[in-house]
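Chemist: Sequence and predicted structure, then a few things I'm wondering about:
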Amino acid sequence: MDGYPLAILGAVARAAALQLLAAGMLALLLRGRWQDQPKLCRAACLLVLLQGWLLVPWTVAIPWYEPLPESAASAAKVRTSADRRRAKSPENAWLASAAWVSASADRLAAGDAGEVSARQFMLQEWAVVAGWAAAGLWFGGILALGISTAWRYGRFAARLCGLPQPREEWLAEWTGLLGQQRIRRPIRMLVTRREGPLLCRLPGGPAVLVPAGLWQELAPAARCLILRHELAHYQRGDLWKSLVARMLAWPQWFHPGAWWAVRMFEQCGERLCDQQAAGDPGERIDYARALAQLAAFRLPVHAVGSCAHSHPLVARVRFLLASPQKEIGMLHRAVLLAVAAALFLAGAVRVELIAKDATYTKESAQAKISELDQTLETLAGKVKELKDKASTLKGQVDARIAQAKEAYDSGRLSAETKRQLDVLQGGDESQQLALIAEAKSRGDEGLVLLGAAAGHSSYQAVRRKALQAAFELGVDAAPVFVYAFDTLPDADRIFLAEQLAKYLTPECVIGLGGMVERAGPEVQDAVIGLAAASPQRVLLFAVIGQSVKKEPATVAKLVAKALAFPGDDGLVALYALAKQGDAPQKIAAVKAAVQRKQEALPVLAAAYKCQEPEVRTAVVRAAKAIGGELAEMGIQMALQDPNAGLRQAAEKALQDEPAGK
């Protein structure tokens, strides 16, 4: 329940932002032109107002990304299905419309109190209270608007009780106008002191209000034009339309864009009634004069009816006297409607990117196999380049280390460097740290100092600072790492691996492969974990695999990690093992492929070429578990294999329980 207020506020904020954008765009498009096409403008304003009600948009799912492997998606399977059920239920529609807010609220609600401090817990509680308060304020604003509207209408209707009857002349004009327009329903005329001219709906039915003072001064022709304007409101149903427009603004009562749209909607209604009341040029001049007299009287404006003087009169008079009437082109109309519709759809529709359909055809599977083969070929080329580079780099590093040792043994190092080496052997930690800061600027002798500090200092801070300083010098400092590696503790070797994994230059990739080859199990596990988390995990595993291909235990660790790679990296790893690995690796790859369903059919196709019966058994079991037309085709091929041993392996697989049970 704590997520509801935040979800509601998120939905309201989303609708308000879209409505503000829509109102702003329409204001720019309609600037100075709205009066030319009032019907079009009114429709656009209605779309803006409807935008404020789109708190729960319609979700359109678009297949976009490759489906997750089942191993990665299984943990969220129950939660996802539950979320869908909640989203479809009416009481949780708010949460579905503002997932980003409700997710935050869920995390607050589901947080383990033992893992947060008292201050954080208090902040979470205050956040919930603030959310409920804000949601209450929003709903209270809507309720206040409804109550205020009803109260003002009640006061207005009460004031009209006991009004005097209109003069016979005025009543005859009104009755004659109703007859001309063939309106059979009686519409009362009420004479007021200051209200009107106004068409309103009272508890007893519709009525037109006319102010006595103004009506006495107006000529009969002017009175008739104003009455025709008010009657046009009745014929067009503007009383109900204006009420609906104002109610549409209620959810966004705090939003200036909503009330701008209401104001424009009603102004366009006035413009349409002006056009209907004054048809020819002569009538327009008389009607403009009557509007000018209305403005001079400064009569009050009411929101309970359609009032002839309730909107800017200057613009209306200018419009009436314009000859010929302005028209806008079809292109401008099309642009206006297209923008209004597009902005409305932006709020009505929420696009959700989902996984693509993973159904494979024979052609798509073959294309995927070709793509994977190309990836492996490219990967093999990169590994070969790195292997050649590693061989060259090793020769250069060994030569430089030998030169440094020869210089030390022959006494060719400077007296200052010898003194500093002695400090690195037995000085205190602060002295050694100070020497490392100077070593970076001393060329080859500085590298000697860094190597000695990394390899022989008794202080961990000194060793790690020396390693970090060497990284800052780049590839020229490779001899420092090679020289110091053999004497580094495992913790510092892991620190070195973390730095190599951070930079990931070709030399760093080579270094990680060499570390796995030369280090013990603890460092190997750390390096393999770092490689698995790297964006270049496939290349790193290929290089490491080349380094330890004669160590079955380490290879098994690599295979176990590679099988869990997500996305295309995992598929490449599975395919490589199924195509190039030994029998146990092929079987492991095939078993892991079952979790990826039809996406992993190329893995089964690669392992199918193996002539080992136990591999064929694993392939058929996996195909049986995956299912589908292509998998069934593969099973039938296995049952018809010319090799009797492979046929028997396939038959055995079909008699066994499906893989994974």
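Modeler: Ah, there it is. Numbers count the residues shown, from 1 in each chain.
Chemist: So which other helices or strands are in contact with the top helix by length along the chain?
Modeler: Using DSSP state H, we find that the single longest helix of the chain is helix 362-410. Secondary-structure packing of helix 362-410 (3 or more Cβ pairs under 8 Å, 6 or more residues apart in numbering; DSSP states H and E): helix 443-456, helix 478-485, helix 506-518, helix 537-547, helix 567-580, helix 601-608, helix 629-639. Using the backbone N, CA and C atoms, a C-beta is placed for each residue, glycine as well.
Chemist: Identify each buried residue in the third one, please.
Modeler: By neighbour count with 16 or more other Cβ atoms under 10 Å, helix 506-518 contains the buried residues 506, 507, 508, 509, 510, 511, 512, 513, 514, 515, 516, 517.
Chemist: Please apply the same query to the fourth one.
Modeler: For helix 537-547, the neighbour count (16+ other Cβ under 10 Å) marks 537, 538, 539, 540, 541, 542, 543, 544, 545, 547 as buried.
Chemist: so where do the strands sit in the chain?
Modeler: 58-65, 188-192, 198-202, 205-211, 305-307, 349-355 (DSSP state E).
Chemist: could you give the mean pLDDT of the fifth one?
Modeler: So the one you mean is strand 305-307. Mean pLDDT, computed over strand 305-307, is 48.
Chemist: Closest one of the buried residues of helix 506-518 to residue 580?
Modeler: Using Cβ to Cβ, residue 513 comes nearest to residue 580 of these, at 17.6 Å.
Chemist: Which pLDDT value does the model give that closest one?
Modeler: Per the predicted model, pLDDT is 83 at residue 513.
Chemist: So it is in contact with residue 549, correct?
Modeler: No - the criterion here is Cβ atoms under 8 Å, and residue 513 misses it with residue 549 at 11.0 Å.
Chemist: Can I get stretch 422-429 in CSV, CA atoms only?
Modeler: Output of stretch 422-429 as CSV, limited to C-alpha atoms (Å, rounded to 0.1, in the frame of the first residue of the first chain):
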residue,chain,number,x,y,z
ASP,A,422,69.2,0.0,0.4
VAL,A,423,66.3,2.1,1.7
LEU,A,424,63.8,0.0,-0.1
GLN,A,425,65.4,-3.1,1.5
GLY,A,426,65.4,-1.8,5.1
GLY,A,427,64.0,1.7,5.4
ASP,A,428,60.7,2.7,7.0
GLU,A,429,57.5,2.9,5.2
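Chemist: Okay, buried residues for that stretch please.
Modeler: Neighbour counts over stretch 422-429 (16+ other Cβ under 10 Å) mark 423, 424, 427 as buried.
Chemist: Distance check, the nearest residue to the last one once chain neighbours are set aside against residue 448.
Modeler: Pointing back at residue 427 there. Counting by Cβ to Cβ, 6 or more residues apart in numbering, residue 427 lies nearest to residue 435, which is 7.9 Å off, once chain neighbours are set aside. From residue 435 across to residue 448, the span is 12 Å (Cβ to Cβ, to the nearest Å).
Chemist: quick one, which of these two is more surrounded?
Modeler: Using other Cβ atoms under 10 Å, the more surrounded residue of residue 435 and residue 448 is residue 448, with 27 against 24.
Chemist: so the more buried one makes contact with residue 414?
Modeler: No - the pair formed by residue 448 and residue 414 falls short of the contact definition of Cβ under 8 Å, at 10.4 Å.
Chemist: which residues of this protein score low on pLDDT?
Modeler: Applying pLDDT under 70 to the chain flags the ranges 1-4, 31-36, 57, 59-125, 297-337, 343, 346-348, 350-360, 656-661.
Chemist: To what extent is residue 555 buried, counted in neighbours?
Modeler: 18.
Chemist: Equivalent analysis for the one 4 residues further on, please.
Modeler: In terms of burial, residue 559 registers 20 neighbours under the definition other Cβ under 10 Å.
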